[in-house]
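1. Sequence and computational prediction follow.
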Amino acid sequence: MTMSLRSFLLALSIGFAAAAQQGSAAAQASAPSPPSPQQAAQLQLQQQQTNAAAAAAAGAGAVIVSQQMDSQGPFASPAPSPRAQQWLGYASPSTILILGAALVVMAAFVGRFAPKKRRRIRRATILVMLYVTTFALAAVLHWVQAEGWSRRVWFLADLFEVLVVIDLVAILLFDLVLLALRIEIANIVHDLALGAAYILAFIGMLHRSGVQLSGIIATSAVVTVVLGLSLQATLGNVLGGIALQLDDSIHVGDWLQLPTGQQGKVKAIRWRHTVVETRNWDTVIVPNSALLNDNILILGEREDQPTQHRMWVYFNVDFRYSPEEVINVVEDALQSTPIPNVAAFPPPNCICFDFARQGAESFANYAVRYWLTDLAQDDPTSSAVRVRVYVALKRANIPLALPGTAVFVSHDDPEHRERKQAREMAHRVAALEQIEMLSSLSSEERVQLASFMRLAPFGRSEVITRQNATAHWLYVLTKGEVEVKVRGDNGAEKLVTRMVAPNVFGEMGVVTGEPRTASVIAASEVECYRLDKEAFQRVLKQRPQIAESVSNVMARRRVELAAVREGLDADQKKARVREEQTRILESLQTFFGLQDEKLN
């Protein structure tokens, strides 16, 4: 057995030296162009020196092994002591039960507190199965009086037993104790520690079996040199993975921008490569050495700050509108109501990015800058910001710029304008006819109100009216859906109802002058017409009887809000409606100066 191992190590060293020689020859043969005679002589001399060094190193390693290895075989273990001579041969059967019970307990704790680490339980289970198998095989060989083979198999069983114990201790330390202490350790640190423990355990087992380790260590140095020369790229990636996790520069979950311009989220950092998943549902495998050698941009990462990345949304507005006016309109719309995935700080802002370049454009260039909190939702969030910018500009009657080369021809005679105004007026009157509060108006009175209506569009999630705010106009909803919410004493908002077009809201402000009793938020893209106090007052002055029907509808709505806040039952709501109608009617008469008018 001693001569076999010695011959094996010697052959291994010589084999690696020969492989290195063949690799150098192949590299020389695959050169892209034939060298000059002087370069060929230098290459041949270097090749001879390399071959001689490899052969000398391999021979030296083999000689050292031959001198250091004693006559006893590595697995020629001495006979067991009487204490170890039990009916199964070399160990107590209770060891299997103890290790099995420990594995079950660890599996239960890992499944309960660290379910993502279950793969480590599978590895420990495999080691336990190998231990049980070699344990049983050693026992069988002991029963058939094959003591030599029994001791050799027991060496493996003993090694697997130690590895099982190391695995269970690693699970307890890295996956349970450190997790409970909220200390996060990189996977590669766990693997390095576990691998080092395995190597030390194997060396200890060899030493206990009587193997002289000095020769093996010397030959291992030679083998390491040969492997290092032949596996430079692979070892570079492995060392890169170790460095990335030990210096804590890139983490799983970070968003990276690679030198190619691709952006993606780090899914895993492995020994040889890093897995990056892009927004296009693709996976990029990046060698770890490339991450170390290139400049990699980590998106949205700043020390002691939340993860958020600045985004740009561009738009153009004609020169007829001042930049200050455009900026104020856009910033008010962006900052008034939160947009999903847009950071509150720094707040989104608008800048005048540039003017016309060399007279080629007839508009100014603007840009919205916002900070994205969920980097996977870049395009949907930019789309929501564009919608908010569009409706804000349209609400302020500021159109987006048209290309300077576009020419629009329209036959704009008086008859055309009249037809266009008639269609718009019919649209407004039709919306007024669907509103219960204004059902008592005549056709002439609806046309009169419609002439004072002003278009006011809103985007999804925008606040149209805010609770406790003071505003003397109401909104006629002609398109879309809104949510009515009230804020309780604890500051939490509660949904009262959803309103769909056609409808009206905000009537308390225009009829009684009272602050808003609820917030109205656009649940979709909304088209409203705004009607102010002066227009409503003209109709009431002409026919004061309208105030009674208006106050009745307003009282019912007011009680609905109160019922949500106070939990009123049906009888209480009915009594409250009568009280509210009387109070609102008096407030309406006072607000519009109708006290002296006779109401029928």
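-> Perfect, thanks for sending it.

2. shouldn't Leu372 be in contact with His309?
-> Yes. Leu372 lies in contact with His309 (Cβ atoms under 8 Å); the separation is 4.9 Å. For the C-beta atoms, the positions are set from N, CA and C on the backbone; glycine is no exception.

3. Mutual contacts of the two, please.
-> Shared contacts of Leu372 and His309 (Cβ atoms under 8 Å, 6 or more residues apart in numbering): 300, 378.

4. Going by contacts, tell me the helices and strands next to the helix or strand where Val104 lies.
-> Using DSSP states H and E, the element containing Val104 is helix 94-113. When contacts are defined as 3 or more Cβ pairs under 8 Å, 6 or more residues apart in numbering; DSSP states H and E, helix 94-113 packs onto helix 118-143, helix 147-170.

5. Name the residues of it that come out as buried.
-> In terms of neighbour count (16 or more other Cβ atoms under 10 Å), helix 94-113 has its buried residues at 95-96, 99, 102-103, 106-107, 109-110.

6. ok, and what's touching it?
-> So helix 94-113 is contacted by 117-118, 120-121, 124-125, 128, 131-132, 135, 161, 164-165, 168, 171-172, 175-176, 179-180 (Cβ under 8 Å, 6+ apart).

7. Buried members of those into PyMOL, please.
-> The following PyMOL line selects those of those that are buried, judged by 16+ other Cβ under 10 Å:
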select buried, resi 117+120+121+124+125+128+131+132+135+161+164+165+168+171+172+175+176+179
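
8. Look at Ser24 and report its pLDDT.
-> With respect to pLDDT, Ser24 has a value of 42.

9. That should have said Ser442, apologies.
-> 83.

10. just Trp87 next, same as before
-> Confidence score, pLDDT, at Trp87: 38.

11. For the stretch 401-550 of the chain, just list every one of the helices.
-> Along the stretch 401-550 of the chain, the segments classed as helices by DSSP state H, counting those that start in this stretch run 414-433, 443-450, 507-511, 533-542, 546-566.

12. Any idea which of those gets closest to Met205?
-> Smallest distance to Met205 across the helices of the stretch 401-550 of the chain (Cβ to Cβ): 75.3 Å, for helix 546-566.

13. average pLDDT for that closest one?
-> Averaged across helix 546-566, pLDDT comes to 76.

14. What residues sit buried inside it?
-> Those would be 546-547, 550-564, for helix 546-566 by 16+ other Cβ under 10 Å.

15. Pull out the buried positions in the next helix or strand after it.
-> For helix 546-566, the following helix or strand on the C-terminal side (DSSP H and E) is helix 570-592. By neighbour count with 16+ other Cβ under 10 Å, helix 570-592 contains the buried residues 576-577, 580-581, 584-585, 587-589, 591-592.

16. quick one: which two of those are the most distant?
-> The span of the buried residues of helix 570-592, defined through Cβ to Cβ, is set by Arg576 and Phe592 at 23.9 Å.

17. Quick check: can you list the domain ranges of the chain?
-> 94-210, 248-299, 309-395, 414-592 (automatic domain parsing).

18. Relative to the whole chain's centre, how far out is the second one?
-> Once both centres are worked out by Cα atoms, centre = their mean, to the nearest Å, domain 248-299 turns out to sit 14 Å from its chain's centre.

19. so Thr283 makes contact with Ala268?
-> No. Judged on Cβ under 8 Å, Thr283 makes no contact with Ala268 at a distance of 10.1 Å.

20. Find the residues that touch each one of the two.
-> Common neighbours of Thr283 and Ala268, counting by Cβ under 8 Å, 6+ apart, are Val275.

21. mind checking how far the closest residue to Val511 other than its chain neighbours is from Ser551?
-> Distance criterion Cβ to Cβ, 6 or more residues apart in numbering; nearest residue to Val511, sequence neighbours excluded, is Leu588 at 5.2 Å. Applying Cβ to Cβ, to the nearest Å, the value for Leu588 to Ser551 is 6 Å.

22. what is in contact with the two at once?
-> Val511.

23. So, low pLDDT: which residues of the stretch 201-350 of the chain?
-> 210-248 (pLDDT under 70).

24. if you set the cut-off to 80 instead, what comes out?
-> Within the stretch 201-350 of the chain, the stretches with pLDDT under 80 are 204-249, 270-272, 288-294.

25. Let me know which of the helices and strands packed on helix 94-113 is the nearest to Val391.
-> That would be helix 118-143 among the helices and strands packed on helix 94-113, by Cβ to Cβ, at 50.1 Å.

26. burial count for the closest residue in space to Gly300 that isn't next to it in sequence?
-> Closest residue to Gly300 apart from its sequence neighbours, by Cβ to Cβ, 6+ apart: His309 at 3.8 Å. Applying other Cβ atoms under 10 Å, we find 19 other residues in the vicinity of His309.

27. Contact partners for His309?
-> His309 touches 255, 299-300, 371-372, 375, 378, counting by Cβ under 8 Å, 6+ apart.

28. Closest one of those to Ile327?
-> Nearest to Ile327, judged by Cβ to Cβ, of these is Trp371 at 17.9 Å.

29. Mind telling me what element that closest one is part of?
-> strand 363-372.

30. what does that strand contact?
-> With Cβ under 8 Å, 6+ apart, strand 363-372 has contacts from 300, 308-319, 323, 326-327, 330, 334, 339, 341-343, 346, 348-356, 378, 381, 385, 389, 401-402, 404.
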